[in-house]
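Here's my sequence, what's the structure:
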Amino acid sequence: MIDTYGLKDWQMAKILKNAARMVAKDHGAIMFDLHPIRIGQPKYIDVLRQVLDYGTKLDGWFPTVTDAVNYWRRHGNWKDGASFCCLLTGDIDNFTFMDYSLRLL
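Numbering: from 1, shown residues only. A predicted model of the protein is given here:
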């Protein structure tokens with residue numbers, strides 16, 4: 001979104017929040033591959049905050065990929081009746097995604 005399309009932070013937030021809203025309607029799952037070098041930059045970190053805040057308002061669940069798969073296999077739905085499951089991934093061979101989300105604290 002940044003390199004290929006040259007989107008600004010507010011444009012990225014709008015697109016990601018719209019995608020979350022659409023998947024919540026069907027109680028589905030969505031995965032955002034957020035490249036840590038890009039989303040971890042100060043000018044983009046607010047995009048992550050906006051997506052997490054908006055997804056939380058929509059009653060989304062933000063587990064790890066492993067937790068989501070294991071929970072779905074055992075229960076056939078999302079934890080605590082969440083409206084959707086949002087998976088946040090990145091280049092985990094270099095850092096865990098949590099390293100970047102901790103910047104929000």
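
Could you use CA atoms for every contact and neighbour count after this?
Noted.

all strands in the chain, in order from the N-terminus.
Here the chain has its strands, by DSSP state E, at 29-33, 60-61, 84-89.

tell me the most buried of these?
Most buried of these, by mean neighbour count (mean count of other C-alpha atoms under 10 Å): strand 60-61, with a mean of 24.

Could I get the average pLDDT for it?
Model confidence over strand 60-61 averages 96 on the pLDDT scale.

in the protein, which ranges drop under the pLDDT threshold?
Confidence mapping of the chain against pLDDT under 70 gives the ranges 36, 91-105.

so who does the most centrally placed residue in it touch?
The centroid of the chain falls nearest to residue 88 when counting by C-alpha atoms, centre = their mean (4.1 Å). Counting by C-alpha atoms under 8 Å, 6 or more residues apart in numbering, residue 88 touches 31, 32, 33, 34, 62, 64, 65, 97.

partner residues bridging it?
Applying DSSP bridges to residue 88 gives these bridge partners: residue 32.

Next one: it from residue 77, what distance?
Per C-alpha to C-alpha, to the nearest Å, residue 88 is found 18 Å from residue 77.

Which one, of the strands of the chain, ends up nearest to residue 54?
The minimum distance between residue 54 and these falls on strand 60-61, with 8.7 Å, by C-alpha to C-alpha.

Show me what stretch 20-32 is in contact with.
19, 55, 58, 60, 82, 83, 84, 85, 86, 87, 88, 89.

With distance to residue 1 added, can I get the residues you listed in JSON lines?
Output for the contacts of stretch 20-32, formatted as JSON lines (distance: C-alpha to C-alpha, whole Å):
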{"residue": "19", "distance to residue 1": "14"}
{"residue": "55", "distance to residue 1": "20"}
{"residue": "58", "distance to residue 1": "24"}
{"residue": "60", "distance to residue 1": "23"}
{"residue": "82", "distance to residue 1": "28"}
{"residue": "83", "distance to residue 1": "26"}
{"residue": "84", "distance to residue 1": "23"}
{"residue": "85", "distance to residue 1": "22"}
{"residue": "86", "distance to residue 1": "18"}
{"residue": "87", "distance to residue 1": "18"}
{"residue": "88", "distance to residue 1": "15"}
{"residue": "89", "distance to residue 1": "15"}
